[in-house]
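A.B. asks: Sequence first, predicted model second:
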Amino acid sequence: MIIKTVEFVKSSQKWQDCPEPTLPEYAFIGRSNVGKSSLINALMNHKDLAKTSQTPGKTQLINHFIVNEEWFLTDLPGYGYARVSKVMRKDFEKLNTNYILNRKNLVNLYVLVDVRHTPQQIDLEFMEWCGESGVPFSIVFTKADKLRPNAALKNVEDYKAKLLESWEELPPIFITSAEKKEGCAELLKNISKTNDYLKKNKIRFDG
């Protein structure tokens, strides 16, 4: 997929305020320090599209972007650690949960995981919730450039093994580096393939 145009649409404080659900939508979520904004910028080939910060928890609203005038990219607030109050963290969780369960044009949720770490309980629990809730999702490992390739692959395999303790099959998995743009073409190809399937089968999203 070639990114011809990408435009910011709006920020929303609740899922009901999101843009009309007339286009297929792909959302990105992960722990608040996983490098989500950097990956979105790399995917869109736009260094300032999603706001990056040294302070985790920068994204505090549902941010929508329209890509090639054909689909929505959604940047969701991070879950887990962030330098915000417990009350605000709960608000983020509620915001994300309501969006994920109610946004009817959400085609896929990309769950970002820092490949530098061994399986984290908070990520495993979130993925378990997605599975139990019937939410289609993919796992996107980030920051692959921060480890030697063998070390990164070992952590990925550890995650797979952990998930297969309770899962019969795994969701799609991508390994990425925002800095080197590794895995970006594969992610965009996945989105393009899904969009083609929706068009071919005349699957529409009405407001």
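C.D. replies: Structure received. Keep in mind that what you see is a predicted model, and the values were worked out from it rather than measured.
A.B. asks: quick one: least confident helix or strand in this structure?
C.D. replies: Evaluated with mean pLDDT, DSSP states H and E, the helix-and-strand set of the chain has its lowest mean pLDDT in helix 86-102, which scores a mean of 76.
A.B. asks: Can you name the next helix or strand after that one?
C.D. replies: Sequence-wise, the next helix or strand downstream of helix 86-102 (DSSP states H and E) is strand 106-114.
A.B. asks: Remind me which helix or strand Phe141 belongs to.
C.D. replies: Mapping Phe141 onto the secondary structure by DSSP H and E places it in strand 137-142.
A.B. asks: pLDDT averaged over that strand, what's the number?
C.D. replies: Model confidence over strand 137-142, given as mean pLDDT, is 97.
A.B. asks: mind listing the strands for the protein?
C.D. replies: Using DSSP state E, the strands assigned to the chain run over residues 6-12, 25-30, 62-67, 71-75, 106-114, 137-142, 173-175.
A.B. asks: What lies in contact with the third one?
C.D. replies: Read it as strand 62-67. Under the contact criterion C-beta atoms under 8 Å, 6 or more residues apart in numbering, strand 62-67 has outside partners 3, 5-15, 17-19, 23, 44, 49-50, 72-77, 95, 99. Where you see a C-beta, it was placed from the backbone N, CA and C, and this is true even at glycine.
A.B. asks: Is there a quick PyMOL command that grabs whichever of those residues are buried?
C.D. replies: Buried members of the contacts of strand 62-67, identified by 16 or more other C-beta atoms under 10 Å, are gathered into one PyMOL selection as follows:
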select buried, resi 6+12+15+18+19+23+44+49+50+72+73+74+75+76+77+95+99
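A.B. asks: Tell me who's in contact with the residue most central in space within the chain.
C.D. replies: Most central residue of the chain, judged by C-alpha distance to the mean C-alpha position with C-alpha atoms, centre = their mean, is Phe28 at 1.8 Å. Contacts of Phe28 were listed using C-beta under 8 Å, 6+ apart, and they are 36, 39-40, 73-76, 109-110, 112, 140.
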